[in-house]
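Novice: No sequence on hand, only this structure:
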Ligand SMILES: Cc1ncc(COP(=O)(O)O)c(C=O)c1O
Ligand SMILES: Cc1ncc(COP(=O)(O)O)c(C=O)c1O
């Protein structure tokens, strides 16, 4: 095992919220398959500006999948502002640590979520 | 074992003709303790110019002692001319080989014997 | 759970016969082969017997074998040692772009010291063209180093032809045979090579043992100075048990080569046949025919290697991958890149390396457990998503 | 025939506890520590546990340990690696004249590449004067390497003082502790050293394993490039069983140091007391007090070492010698020469190196069998002859 914590392994083996939201309110895509990791986050935002649903698709190593899963869980039910405050470090901490060499390249979940929220906000402001 | 043949080991463990001849007719000394090997040969020459006795003292490794012993045996009873024809290679052959790195520095027995014979010859010509 | 080890390229177990010959040299016959007293006798004799056996695997004179601590040391000694020793003659070295890191990075170190390195490109199967070697030769070329076969993709190189080039141009030719020796017949005189690297742990010998054969007359600068063991070309107390083990492993590899190879080839071919039938969008990497008997390497599209490895591990199957995530440097395989496999596809690389204990059941098991794993990861993959949405062209 | 092994400096047996920990890593847990699947887990954990144990022997942070194939590699890596990495800062290296060949000859290789080497002289006990190190330091000095203790004559060097010099002058200080570690307490922080070499086979671990500790921040150029194992400072598949064995051996050496040392010192002192009483014209070499617990080294006048070794071997006793005839290069010991022992006396060098299984009976046996051997060889010796004839002055 690449020295993954039990929590990482759990989220990798049983990832939460995998998938796509057909009529997503926002979509965020980060990373690049060339580098090894790519994540797409889909969000659904309710009237209170809360994340009523979060889903993801991830191409990447075990850590990348676990990170995506953890971020989706952490974000669900949060307000957009709260969700935007989720940092890479928060995610790593919730996962009980990531191997040092995976901290940077695979820990893109918070970024992808942020992109999805900004996508939603852009669309909304355009829609206005 | 430093890859010595059985014959070498035999001559090292039970060297023939060790010692000194008090009233030697010739004495030959070669080598240098600084280099690791030094041999002194003593000879007794009979009226037929034959080596009636040969003895040696040797400072040096097992090979040097075995070489001395073998040379003394080979020389005994030979005429001076015959004895002078004994070469380093003859000695090594009689010993069933010497390790390559011992061929040069430890194989001084024939030289020491030669020196002893020349010493005898010099004395004799001086005596004339 | 069924355990299916298919990562013999990463490590092989030490055979019981090999262990059996090693153990006395740790316990009762623990002496130093350089010792003059009788404690040195058996270790020295065993070391020389091991040298004969290792030399036998490649048809070399035993006295030309330099024992090392492994394949990496052998390759570094060859590449740096031969180049350094020849630095008054020239400062140009030719290698292939698919060499093992121990050759590739040794050559890069030479560059830091003023050498010039030409890295010969390969075709999409990873095969080097001997003509490009000939074209790369310069007046100041002092070494050509091209591996016998690549472990990652299995491709066997035309080293006989490259040796002919080197002979014509009178340039020493080193070949890294770590992945090949024991699995394809190698005779240094038939090839016409000048130096050749071996590792014990590819042939069921212990880790920590290897060898470099260097033809008499080829000058080489040691990496280790010291007590002048190994004819002064590799100092240091000899790892007697390890090298004795390597000797036995080499002997067994020679004796059983035919049998081992046909067994390995059957399993390899079976997997190469069945996996693409069970899994869409998977491609064989390396040469389709001219490949190591134990090597079945693939690239699985749309997903990344580490995830497959972990899920396979969870079903009891061990394999490896050349994906960036599975590498220490987090870089995709330079070998797959050299074969011009697009990087996102190279990320899905999977290497099955068969061993002498594998069976048809092992292949069946892989063909059973792998497709759902791939399907599962593809369902998570945004790349697959796109592919499907774009109509799966 | 009684067997008395007193050549532990040449080789030690592998302890059963050490073997016990090694074997699983050849058989069932044979995996590669770099493997991501579960076959890599136990080897990786064991390797890291071994690193902690080896680090523990010298009070070092485990992550600063670089595993090697032995003491020679560790010394070459230290001397060449640190010097090469600093070559833009300077090209002057200081060593002592009594270093092991692996340091001495590594330094000579540096000379071939434009480095300058100062070899500090020693006194008649083989002790280096820290002031001469201070005096030798130049603006362009990039490394000081002085061994912790000399194995041939047992002399322990004042490395704390030398470390103080190096700290003052801000020059990296490497010490070869191969002969010393496990036999005198060593704590890298108390000494204030920057790099330190260890070998497994001096402490009842397997051959083929060693380590170099290098303080964080000291740059070092690898000898082996490759797959970037050991943090890129020593590539190559790790010799897991060997290093696990070294780890266990280091742990036992730490745990049992006090007990081992007092046992060894007793035997050593007994031999040092009784041999000169039983044999005329024999002198202790090395320092009379400040010496390794296991080392009793002598020079026997008028005769040469190999003969003594062979005859001792014939009575079941194993020792070694620094005589020219017993050396591979057929050169007298540079260590005895450095101590200004006349060459013809140095030829009669005898080294008794005690081990943890030796007993007082072993000493008694040596004191019984050695005098007649010496007498016999003296009776053959032209030098003794002269000495006697000249009145034995
Ligand atoms: C082709 C090739 N050369 C060299 C090596 C290095 O061997 P080692 O890791 O035993 O040092 C390997 C290891 O996998 C290899 O595959
Ligand atoms: C002081 C010292 N350093 C280094 C070494 C070299 O160790 P190895 O032969 O294990 O490579 C030795 C070996 O005896 C030694 O005594």
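Specialist: Right, received. Where do you want to start? Just so you know, these numbers come straight off a predicted model, no measurement behind them. Ligands and ions are numbered 1, 2, ... in the order given.
Novice: where does chain A dip in pLDDT?
Specialist: Scanning chain A for pLDDT under 70 picks out A:1-2, A:128.
Novice: show me what contacts residue A:109?
Specialist: Contact analysis of residue A:109 by Cβ atoms under 8 Å, 6 or more residues apart in numbering or on different chains lists A:39, A:41, A:56, A:64, A:67, A:68, A:70, A:71, A:72, A:88, A:91. Any C-beta I mention is one placed from the backbone N, CA and C, and that applies to glycine too.
Novice: Nearest to ligand 1 among the residues you listed?
Specialist: Using Cβ to the nearest ligand atom, residue A:64 is the member of those that lies nearest ligand 1, at 26.7 Å.
Novice: Checking that closest one next. Helix, strand or coil?
Specialist: Assigned by DSSP: H, G, I helix; E, B strand; the rest coil, the conformation of residue A:64 is helix.
Novice: just checking, it touches residue A:111?
Specialist: No: with contact defined as Cβ atoms under 8 Å, residue A:64 and residue A:111 do not form a contacting pair (11.6 Å).
Novice: The two: which has the busier surroundings?
Specialist: residue A:64 (28 against 19; other Cβ atoms under 10 Å in any protein chain shown).
Novice: Next, work out how far apart that one and ligand 2 are.
Specialist: To ligand 2, residue A:64 is 44 Å away according to Cβ to the nearest ligand atom, to the nearest Å.
Novice: roughly how far apart are that residue and residue C:118?
Specialist: Residue A:64 is 37 Å from residue C:118, where distance means Cβ to Cβ, to the nearest Å.
Novice: can you check residue C:222 too?
Specialist: 26 Å.
Novice: what does residue C:45 give?
Specialist: To residue C:118, residue C:45 is 44 Å away according to Cβ to Cβ.
Novice: what ranges do the strands span in the chain?
Specialist: The chain I'm using is chain A. A:26-32, A:37-45, A:51-59 (DSSP state E).
Novice: wrong one, chain C
Specialist: For chain C, applying DSSP E gives strands covering C:4-5, C:65-68, C:92-96, C:116-120, C:141-145, C:173-176, C:195-199, C:210-214, C:282-284, C:295-300, C:317-318, C:349-353.
Novice: just so I know, which of these lies nearest residue D:298?
Specialist: strand C:65-68 (33.6 Å; Cβ to Cβ).
Novice: The closest one pairs with which strands, parallel or anti?
Specialist: According to DSSP bridges, strand C:65-68 forms sheet pairs with strand C:210-214 (antiparallel).
Novice: Run through who's touching the partner strand.
Specialist: The contact list for strand C:210-214, computed with Cβ under 8 Å, 6+ apart, reads C:54-55, C:58, C:60, C:64-75, C:77-78, C:82, C:178, C:188, C:194-200, C:220, C:233, C:246.
Novice: Export the strands of chain C to TSV and append columns for distance to ligand 1, mean pLDDT and mean neighbour count.
Specialist: Putting those into TSV (distance: least, Cβ to the nearest ligand atom, whole Å; pLDDT from 0 to 100; neighbours: other Cβ atoms under 10 Å in any protein chain shown) gives the following:
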stretch	distance to ligand 1	mean pLDDT	mean neighbour count
strand C:4-5	16	98	22
strand C:65-68	9	98	28
strand C:92-96	11	98	26
strand C:116-120	16	98	19
strand C:141-145	11	98	26
strand C:173-176	5	98	30
strand C:195-199	4	98	30
strand C:210-214	6	98	29
strand C:282-284	19	98	16
strand C:295-300	11	98	27
strand C:317-318	15	98	25
strand C:349-353	10	97	27
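Novice: looking at these, which is closest to residue D:259?
Specialist: Minimum separation from residue D:259 across these (Cβ to Cβ) falls at strand C:65-68, 36.1 Å.
Novice: Tell me if the closest one is near ligand 2.
Specialist: No: figure legend: strand C:65-68 not in contact with ligand 2 (Cβ under 6 Å from any ligand atom); closest approach 12.8 Å.
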